[in-house]
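here are the coordinates; sequence isn't available:
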């Protein structure tokens, strides 16, 4: 299956970071837009993605993590993929599955968004806003305090070659298509 190939290739640590970012974007766009993908498969990929994100954080606990797009671009891309898939499938997960809300809580999104990597600062603003709205509506996690803190900390006064970029380059290749079988 296409999504299986995307995920397997994404996990290849020997692949260039940019390729892994693109694979992440294709995976999330495909899972979000392909109407024929069953909900249990969507949930399976949400678990795989969140597990990968948590493992990445765990493996770097001894290192001083900072919000650096150039260093953690693959993590940020996959994090945005998690947000994006949830945006498109939250309604089905919550309303058509009796354990839907607890499933989303089980992803431990709070740990991801409050990590020192600070994905809400880096991911695409429109994705962050939609995701935050959904998380707040269902009381899964409150993102707005992090978003407000990020706004206060962002002072676009001077950019130097060492300051780096604080936003993630993004593509969602299957937007605005509704993929049918």
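Thanks, I have it. For clarity, every value in this text was computed on a predicted model and none was experimentally measured.

what's near enough to touch residue 52?
Residue 52 makes contacts with 11, 78, as judged by Cβ atoms under 8 Å, 6 or more residues apart in numbering. For every residue, glycine as well, the C-beta is placed using N, CA and C.

for it, phi and psi?
Main-chain torsions, residue 52, degrees, to the nearest 10: phi -60, psi -40.

who does the least confident helix or strand in the chain by mean pLDDT touch, helix- and strand-wise?
Every helix and strand in the chain was compared by mean pLDDT, DSSP states H and E; the lowest is helix 144-153, with a mean of 88. Applying 3 or more Cβ pairs under 8 Å, 6 or more residues apart in numbering; DSSP states H and E, one finds that helix 144-153 contacts helix 119-122, helix 125-137.

Would you mind listing the buried residues in the strand or helix carrying residue 19?
When elements are assigned from DSSP states H and E, residue 19 belongs to helix 17-33. Buried residues in helix 17-33, counting neighbours by 16 or more other Cβ atoms under 10 Å, are found at 20-33.

Let me see the mean pLDDT of that helix.
Computed over helix 17-33, the mean pLDDT rounds to 94.

next one: stretch 84-96
What stretch 84-96 shows for mean pLDDT is 95.

Residues touching it, excluding its own?
Residues from elsewhere that reach stretch 84-96, judged by Cβ under 8 Å, 6+ apart: 28-29, 31-33, 39, 42-43, 45-46, 49, 100-101, 103-104, 127, 130-131, 134, 138, 172.

remind me, longest helix of this protein?
helix 69-95 (DSSP state H).

which strands and helices sit next to the helix or strand following it?
The first helix or strand that comes after helix 69-95 along the chain, using DSSP H and E, is helix 100-106. Helix 100-106 sits against helix 69-95, with contacts defined as 3+ Cβ pairs under 8 Å, 6+ apart.
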